[in-house]
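> only geometry, no sequence info:
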């Protein structure tokens, strides 16, 4: 068990002013319990986990592990295992099997026991075929599974997860979460995970909200406060039931999962044969950027084309992707979706020219304005591309190279920071290394927006971003689209994909085969294609499933609902009564 008794943490900025990251907090985590801490970027989630792992000493109060005071800086392995968001700095071996064995060998286990645990971990986490691969060469989702396998092979009593599932595809993420939940229910593991993702919690998971360094339970929130918490990644079912409650159309406790929400709707419908007037309501428009309708022709010749492209890591090796053809036109946004390891990142690297295709070809349009780059790739961890002394200098680095005067650089950097929801007064002079992971991603985006390329390629753009960061990114991409730029991105965030993409391409592979495009189309058409989603190992997006259920019950007008934000707006405007 880990218990915090009045634990707090503060740091001093460059001027010597103290800044509290975590206010005095009482909290306990016991075997068999599962807790989910939600919070916006910079709210203190990582600080909380570092305190609980003994990596950081509290400024006041104390932390107990199994009733003994926790000494900061002393390793609690293997009783406490912690996994952070960025995987590469956490790897200590040059093979996946070696990574799992490394921690076990530090426990001085018998060689036979170590080998048995390694084999078991590889099998349980679907890593057997990758046992001899360097973990740094894996896809982001595979890296996360390797770290999780290494942590759990030691059989810790407590597992702390800091946004580490952000790079898993939805189905794999859910499978890992459910597996951990099973271990916790069996009484063998306490799990605390911190997240700013919009994925639904698991049944039985205790949810906490961390705001400005203060931790509190969701039971303290009213429907109005739920809807007002724009920066918090609150569950969609909670927000939807809060929206109905504020409108006087929900009774009882708010739902925290889709299952709870739909069960309540089912009970409601059972008491009334009248589905309500919304079934004949008008069109619901999203506040999100509206993409081109499927029947509207795209404008101009493609800025990027991949033609029957294949790529293999070496001569004689099986291809990672094969037979892929796609193009992106001016003003078009195309999303690549699919399970981890299906080839999405590989295609982006080929499109950027970082890899040469084994067969086929890649065609890129040349800009008519010399200073405009033809193509630019934002890596899966764009914060690795931050290198300047300050955030503003980093954003304007390309302008400095071009010889743009300092005043203009500062003015354009300020505008770019505002576009990604980073207040220049707070962030312009900050060192990039002092930002939270989500803030680093926004700073990286600012550097791409200050002189945008003809074609922007982005790998997992929303990983690590809170809801406000996602909205800022959505707005920024819409502006690029309106300027005639082409955007090709890969993402596991199906809510975001639906909000911004004109077309969605689903990638998948047969066991042992190369990644291919299985199909695609407008987002809504793809979400309605159960067969295509199943072949791509993708779930129906939560917002789409809820909207469909609400519409079937007459609780939502017909029309397009593009994402979770649009669903909440539609529920707030709908006149459909729920009978109780």
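Sure, I can see it. Owing to the predicted nature of the structure, the values given are computational and were not obtained by experimental measurement.
> when you work out contacts or count neighbours from here on, use the C-alpha atoms and nothing else.
Fine.
> excluding covalently adjacent residues, which one is nearest to residue 474?
The spatially closest residue to residue 474, leaving aside those adjacent along the chain, is residue 500, at 6.5 Å (CA to CA, 6 or more residues apart in numbering).
> hmm, that neighbour is touching residue 476, no?
No: counting by CA atoms under 8 Å, residue 476 is not a contact partner of residue 500; they are 10.4 Å apart.
> compare these two (neighbour count), which wins?
In terms of neighbours (other CA atoms under 10 Å), residue 500 is the more surrounded of residue 500 and residue 476; the figures are 25 against 19.
> that one and residue 260: what is the separation?
Taking CA to CA, to the nearest Å as the criterion, residue 500 is separated from residue 260 by 29 Å.
> same question for residue 450.
Taken as CA to CA, the span from residue 450 to residue 260 is 45 Å.
> give me the more crowded residue out of those two.
A count of neighbours by other CA under 10 Å puts residue 450 above the other of residue 450 and residue 260, at 21 against 16.
> and the residue most central in space within the chain, which of the three is it?
Most central residue of the chain, judged by C-alpha distance to the mean C-alpha position with CA atoms, centre = their mean, is residue 463 at 3.4 Å. Using DSSP: H, G, I helix; E, B strand; the rest coil, the secondary structure recorded for residue 463 is coil.
> can you check residue 165 too?
In three-state terms, and counting by three-state DSSP, residue 165 is coil.
> the nearest residue to it once chain neighbours are set aside: which element?
Here the nearest residue to residue 165 in space, its sequence neighbours aside, is residue 173; by CA to CA, 6+ apart that works out to 6.3 Å. Following DSSP states H and E, one finds residue 173 within helix 170-185.
> just the buried residues of that helix, please?
Of the residues in helix 170-185, 170-174, 176-177, 180-181, 183-185 count as buried by neighbour count, 16 or more other CA atoms under 10 Å.
> chain center to that helix: distance?
Distance, stretch centre to chain centre, for helix 170-185: 17 Å (CA atoms, centre = their mean, to the nearest Å).
> got it, and stretch 187-196?
Taking the mean of its C-alpha atoms, stretch 187-196 sits 18 Å from the chain's own mean (CA atoms, centre = their mean).
> what average pLDDT does that stretch get?
Averaged across stretch 187-196, the pLDDT comes to 88.
> name the residues of that stretch that are buried.
In stretch 187-196, residues buried by neighbour count (16+ other CA under 10 Å) are 188-196.
> ok, the buried residues of helix 170-185 vs residue 372, which is closest?
Taking CA to CA as the measure, residue 372 sits nearest to residue 170 out of these, at 35.7 Å.
> packing partners for the helix or strand hosting residue 524?
Under the assignment given by DSSP H and E, the secondary-structure element containing residue 524 is helix 523-527. Using 3 or more CA pairs under 8 Å, 6 or more residues apart in numbering; DSSP states H and E, the elements in contact with helix 523-527 are helix 494-500, strand 503-508, helix 530-535.
> among those, which is the most enclosed?
Per-residue neighbour counts averaged over each of the helices and strands packed on helix 523-527 give the maximum for strand 503-508, namely a mean of 26 (mean count of other CA atoms under 10 Å).
> whichever helix or strand comes after that strand: how far from the chain's middle?
Proceeding C-terminally, strand 503-508 gives way to strand 516-521 as the next helix or strand, assigned by DSSP H and E. Its chain's C-alpha centre lies 22 Å from the corresponding centre of strand 516-521 when counted by CA atoms, centre = their mean.
> same deal with stretch 517-536?
Taking CA atoms, centre = their mean, one finds the center of stretch 517-536 at 21 Å from the center of the full chain.
> contacting residues around that stretch?
For stretch 517-536, the external contacting residues (CA atoms under 8 Å, 6 or more residues apart in numbering) are 293-294, 324, 338-339, 497-498, 501-509, 539-541, 544, 562.
> buried residues, it. List them.
By 16+ other CA under 10 Å, the buried positions in stretch 517-536 come out as 517-523, 526-527, 532-533, 535-536.
> before we move on, what about stretch 303-319?
Using 16+ other CA under 10 Å as the burial criterion, the residues of stretch 303-319 that qualify are 303-312, 319.
> now swap in stretch 204-213 and tell me
205-213.
> and these, which two are the farthest apart?
205 and 212 (22.4 Å).
> ramachandran angles for the closest residue to residue 323 other than its chain neighbours?
In this structure, residue 323 finds its nearest non-sequential neighbour in residue 308, 4.4 Å apart by CA to CA, 6+ apart. When quoted as degrees, to the nearest 10, the phi and psi of residue 308 stand at phi 50, psi 50.
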